[in-house]
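Undergrad: dropping the sequence and predicted coords here.
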Amino acid sequence: MKFLQKILILFLIACPIAAAVVIPVAAQPSGFFEASRSAETALLKGDRQAEIKALQQVVRYQPWRIDAWERIGTLQYATAEYEEAIGSFNQGNAHGQLSAKALLTQGKAWKELDNSRNAETCFRKASEFRTNDLDLYLEIAGAQEEINDSIGTLATLLRAQKLSPYDTALNYHLGIQFAASQPQNASKFLDTAKLDKSYKENAVELQETINASSTMGETAARYIYIGQELSRLNEWQAAASAFTKATELEQNNGVAWALLGEAIQHVGGNGYDDLARAMELDPNSDIVMGLTALYYRRQEKYEIAIDYLYKALENNPHESTWQIEIGNTLALTGDLPNALNHLQVATLLEPDSWVPWESLAAFSITYNYYVSTVGIDAARHALLLVPGSPVLLDIMGSTYLLVGDYDSAERFYLQANSGAPDEPTILYHLGQLYLLKDENDKAFEYLRKAAEFATDARMRNAANTLLRQNGGG
């Protein structure tokens, strides 16, 4: 009996093995292999639409392939198909856990559809992944900043710091966040950030601002001072946090409310209620009137904006900012001669500041107005005041592009790109340049990078449009 039982057990074990030998495994349909090859070919060519279509065929045969769904969603996001991207990521999530990178991209797609709540959820889930990728943590934190999720941003940065306490980029961003809310805790992070030349200048300036304001104590004036420096550094989310703190400390401070309204507009909000409150509290302040003017200009109510700007100028006639903003607003109405006059006055008021020179050059480029004389001269003045600035090198390149000197434009654009390799505007301009030079392969490479690194839909759409129009996918 035991012998028979042993034979039976051996038979049961052997059956599946024997079956595997004699029963042929079902072959994958030929369409699957063809789709896989098409996806690989499209990837090598950089043809994103073709790769999407091929991968969609792949997941028809293998719907459990989370990696394929993630790739489809990522490509759809890059081509501004935001709803489709979210759907693809959801399909992948139905078969398992999405990667942190995929969650980040899905959150970005929700952001483009103006759904900050879902974006916040995706970003926070991405942040909770345990990873050794510091760059990914920084990208997540940057995305959280863009939707004004200050709590999530700080949590992500602190989580990342556990991996690398001395990472300069990480410490710089932590210094920015703490400067806005707990400036006394920012310096230790900025000290580390200063070790990197990429952050040294900004870190030093912010630290000087924090130290100079320390005698003000925990006052609205201190947070206004710090917030303005953060604004100058283009750290608008942190600036909004600082101005919010200022309004909490001094609720009747009109300037604080006006600055908060301006900052909120830079992080996707409206800001009108804050500006209206500022006008009630301090209607004679040139800052309040000037920032109210900028609000109306964004609403394309140029006559109202100009009226407020002239009132601001009357109250503070030596401030070049109001001359610049009057010039920029007049330009939007089509009055280029008077716009030019105001911008040139600004350079006379502050000849040793790069800001009015940059504004004059940008105006000349934007409207293709006296570029070969006024534009190039203004760009050169600005660059002499701040040598090596990627922004100013890019502007210098654009003046030469418009006058047809492509070799000089290329030289300045490449210098700008060297200083800021991920800056989408510079990448986009290089793409434009190489299209004009009939060097399409180079152009497509830069335009794809511009779309990849773009933080707003307009730049991404512009890069994708140029690619499609010129056969780049």
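TA: Received it, and whenever you're ready, just let me know what you need. Residues are numbered from 1 along each chain as shown.

Undergrad: residue 139 is in contact with residue 127, correct?
TA: No. Applying Cβ atoms under 8 Å, one finds residue 127 not in contact with residue 139, separated by 10.4 Å. The C-beta positions use only the backbone N, C-alpha and C, and glycine is treated the same way.

Undergrad: between those two, who's got more neighbours?
TA: Between residue 127 and residue 139, counted using other Cβ atoms under 10 Å, residue 127 has the larger neighbour count: 25 against 19.

Undergrad: in space, what's closest to the more buried one - neighbours in sequence excluded?
TA: Nearest residue to residue 127, sequence neighbours excluded (Cβ to Cβ, 6 or more residues apart in numbering): residue 156, at 4.3 Å.

Undergrad: give me the number of residues near that neighbour?
TA: Per other Cβ under 10 Å, the neighbour tally for residue 156 reads 28.

Undergrad: how about stretch 332-345 as PDB, C-alpha atoms only?
TA: The C-alpha trace of stretch 332-345 is given here as PDB (Å, rounded to 0.1, in the frame of the first residue of the first chain):
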ATOM      1  CA  LEU A 332       0.900  96.100 -24.700                       C
ATOM      2  CA  THR A 333      -1.400  98.800 -26.000                       C
ATOM      3  CA  GLY A 334       0.800  99.200 -29.100                       C
ATOM      4  CA  ASP A 335       2.300 102.600 -28.200                       C
ATOM      5  CA  LEU A 336       5.900 101.500 -28.800                       C
ATOM      6  CA  PRO A 337       7.500 104.900 -29.100                       C
ATOM      7  CA  ASN A 338       6.300 106.100 -25.600                       C
ATOM      8  CA  ALA A 339       7.000 102.700 -24.200                       C
ATOM      9  CA  LEU A 340      10.600 103.000 -25.400                       C
ATOM     10  CA  ASN A 341      10.900 106.500 -23.800                       C
ATOM     11  CA  HIS A 342       9.800 105.300 -20.400                       C
ATOM     12  CA  LEU A 343      12.200 102.300 -20.500                       C
ATOM     13  CA  GLN A 344      15.100 104.500 -21.500                       C
ATOM     14  CA  VAL A 345      14.300 106.800 -18.600                       C
END
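
Undergrad: which outside residues touch it?
TA: 297, 300, 302, 306, 320, 323-324, 326-331, 356, 359-360, 363, 367, 369-370, 374 (Cβ atoms under 8 Å, 6 or more residues apart in numbering).

Undergrad: also stretch 419-434?
TA: Around stretch 419-434, the neighbours that count as contacts under Cβ under 8 Å, 6+ apart are 388-391, 393-394, 397-398, 401, 406, 409-410, 413-414, 416-417, 440, 442-444, 446-447, 449-451, 453-455, 459-460, 462-463, 466.

Undergrad: now with 6 Å?
TA: Residues from elsewhere that reach stretch 419-434 (Cβ atoms under 6 Å, 6 or more residues apart in numbering): 390, 394, 409-410, 413, 416-417, 442-443, 446-447, 449-450, 453-454, 459, 463.

Undergrad: and those residues, which are buried?
TA: Buried by 16 or more other Cβ atoms under 10 Å: 390, 394, 409-410, 413, 416-417, 443, 446-447, 449-450, 453-454, 459, 463, out of the contacts of stretch 419-434.

Undergrad: which of the residues you listed fall in helices?
TA: Counting by DSSP state H, the buried ones among the contacts of stretch 419-434 place 390, 394, 409-410, 413, 416-417, 443, 446-447, 449-450, 453, 459, 463 in helices.

Undergrad: strands of the stretch 201-350 of the chain, residue ranges please.
TA: Counting by DSSP state E, counting those that start in this stretch, one finds no strands in the stretch 201-350 of the chain.

Undergrad: that one: helices as residue ranges?
TA: 220-232, 236-249, 254-266, 272-281, 286-298, 302-315, 320-332, 336-349 (DSSP state H, counting those that start in this stretch).

Undergrad: can you name every helix or strand that the second one contacts?
TA: Contact partners of helix 236-249 among helices and strands, from 3 or more Cβ pairs under 6 Å, 6 or more residues apart in numbering; DSSP states H and E: helix 168-181, helix 220-232, helix 254-266.

Undergrad: how far does the second one sit from the chain's center?
TA: On the basis of Cα atoms, centre = their mean, to the nearest Å, the separation between the geometric centre of helix 220-232 and that of its chain is 22 Å.
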